[in-house]
Every structure is written in structure tokens, then in C-alpha cells.
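**Student:** I need the structure of the sequence given here:
(one chain, ligands or ions: 1)
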Amino acid sequence: MQHAQSETRYTLFIGTKNFSSWSLRAWLAARMAGMPFSEVVIPLRQPETKSAILRHSPSGKIPLLVIESTNGKQLVWDSLAICESVAERFPAAQLWPDDPAARGEARSISAEMHSGFPELRTALPMDIVARNKPGVLTETVQAQVARILGLWELALTQFGGGGGFLFGRFSIADAFYAPVVTRFVTHGIELPPRQQAYAERVLALPPMREWAAAAREERGERSE
Ligand SMILES: N[C@@H](CCC(=O)N[C@@H](CS)C(=O)NCC(=O)O)C(=O)O
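**Tutor:** Model (predicted):
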């Protein structure tokens with residue numbers, strides 16, 4: 001279904017909801033910003049996945065945001081670039097903190113997630129419906145888990161205030177760590193109380209519940 005918003009039309013190409021952590025980040029930021037968009041899900045891990053993505057996304061990766069207006073068609077690819085475009089086009093959503101110090105930190109921790117934690121991403125893949133027994137983590141992965149919990153602690157203490165999210169109200173930083181929250185649940189990583197409470201707030205966001213329900217449906221499981 002296409003949504004029309006004045007003369008601009010947004011289409012977000014994403015991957016299988018159970019697995020596609022980069023897609024979740026862009027999709028969640030778009031939903032939290034109230035952006036009207038159509039979504040196209042391209043199933044991942046299929047023989048035809050690459051060619052299906054390449055039909056739309058020259059980078060060969062998703063997420064991809066297609067913006068169509070009277071000015072023509074614009075492609076925005078890569079999760080962080082999409083989040084930035086959403087923030088720019090929907091300023092009322094205030095997807096970055098107002099305070100420059102908080103904004104600098106929110107951008108830094110989002111960028112650190114975007115470009116980092118490769119061992120954690122391999123050892124603890126996103127699989128929203130799975131519940132795995134906690135396994136033995138390498139020292140590198142343990143250090144990366146500790147780094148993330150430390151980043152959350154710092155942001156919640158310095159900037160979280162009463163809002164409950166890393167920088168008070170929901171921001172792109174929360175979108176960037178939302179898949180990590182699901183990974184901790186899937187892989188049975190125990191969290192300290194403050195981080196656990198934060199994780200629960202992220203999972204309780206209506207769009208997160210909607211995404212998780214869709215992931216269960218993809219896997220042929222009944223939604224809650
Ligand atoms: N840096 C990119 C990474 C995108 C990415 O790796 N997407 C995966 C899905 S989560 C993908 O397109 N995989 C399909 C493939 O590589 O064939 C971003 O932040 O958007």
C-alpha cells in the first residue's frame with residue numbers, strides 16, 4: 001500500500017524482519033518520526049536475494065529509502081544515512097538531542113555501532129524469534145558487550161534524565177541499539193538492572209512490538 005504525503009512518496013526496502021538488523025534501525029527511526037512510507041520486504045538468505053536487492057539498491061544492500069517527488073526520484077542507502085534523512089525531513093520528531101553535547105555523544109555512539117562490534121555481531125546474530133542458551137563468549141565479545149553496557153550507562157546517567165531513553169526522548173541512538181537489545185534477549189545475555197530496564201523500554205515501543213510480531217509471522221509463529 002502506498003501512502004501519499006503531499007507530493008512526496010517514501011518507500012523503504014528492508015530485509016527479512018527476523019534477521020535484518022540494519023533494516024530495523026532505519027525502519028524504527030522512520031516509524032518513530034511518523035514518516036508515512038510503504039515498505040518492501042526482500043527475503044534474505046535466498047539464492048535470489050542479491051539480484052532482488054540489486055534491482056533496487058545499487059549498493060547491493062538494504063535498507064534503502066526511495067524518495068519520489070515532483071523533483072524526481074532520490075535513493076538514500078545505508079541505515080545511518082537513512083536515519084539522517086528522516087531526521088532532516090521530519091524535524092518535529094527531534095530524532096537527535098537538542099543539546100550539542102548530548103547530540104555529539106548520540107552521534108558518536110550511533111557511529112560506533114554502525115562501524116564497530118563486528119565480533120559481537122557475528123557471535124550474537126539478530127534472530128528475534130529464537131531463544132538460545134547462553135553460550136561461552138570470547139574475551140573480545142565479552143569486552144564488546146561490556147563496552148555497549150558502559151555506553152548505555154553513561155548516556156542514561158548523563159543525558160537520559162526522566163525520558164527513559166539513552167538521551168531522554170527517543171533518538172537515532174536508540175534506533176541503532178534496538179537490534180542489540182533483541183540480540184541480548186535472544187542469546188540470554190544478562191543485563192544490570194538499569195540496562196535491563198532500558199532494554200525493556202525499547203522492546204515495549206509499539207513499533208518494536210509490531211516488528212517482532214511480523215518477525216514471528218514470517219517464521220510461521222502466532223503473534224502474541
Ligand atoms: N552498512 C550498511 C549495512 C547493510 C547490510 O549489511 N544489510 C544486509 C541486511 S541486514 C544486506 O543487505 N544483506 C544482503 C546481502 O549482503 O546480500 C547499513 O548500515 O545499512
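**Student:** This protein: strands as residue ranges?
**Tutor:** 9-15, 38-42, 64-69, 72-77 (DSSP state E).
**Student:** Return the residues in contact with the residue nearest in space to the middle of the chain.
**Tutor:** With distances taken as C-alpha atoms, centre = their mean, the residue of the chain nearest its centroid is residue 25 (1.8 Å). Contacts for residue 25 (C-beta atoms under 8 Å, 6 or more residues apart in numbering) come out as 63, 79, 80, 83, 175, 176, 178, 179. C-beta coordinates here come from the backbone N, C-alpha and C atoms, glycine included.
**Student:** Pipe these into CSV and attach neighbour count and distance to residue 18 per row.
**Tutor:** Output for the contacts of residue 25, formatted as CSV (neighbours: other C-beta atoms under 10 Å; distance: C-beta to C-beta, whole Å):
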residue, neighbour count, distance to residue 18
63, 26, 15
79, 29, 17
80, 20, 22
83, 28, 21
175, 29, 18
176, 26, 19
178, 26, 14
179, 25, 11
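**Student:** Out of those residues, which is nearest to the ligand?
**Tutor:** Among these, residue 79 lies closest to the ligand (C-beta to the nearest ligand atom), at 3.5 Å.
**Student:** now residue 166, nearest residue through space, not along the chain?
**Tutor:** The shortest distance from residue 166 to any non-neighbouring residue, by C-beta to C-beta, 6 or more residues apart in numbering, is to residue 155 (4.0 Å).
**Student:** shouldn't that neighbour be in contact with residue 109?
**Tutor:** Yes: under the criterion of C-beta atoms under 8 Å, residue 155 makes contact with residue 109 at 6.6 Å.
**Student:** Brilliant, that's me finished.
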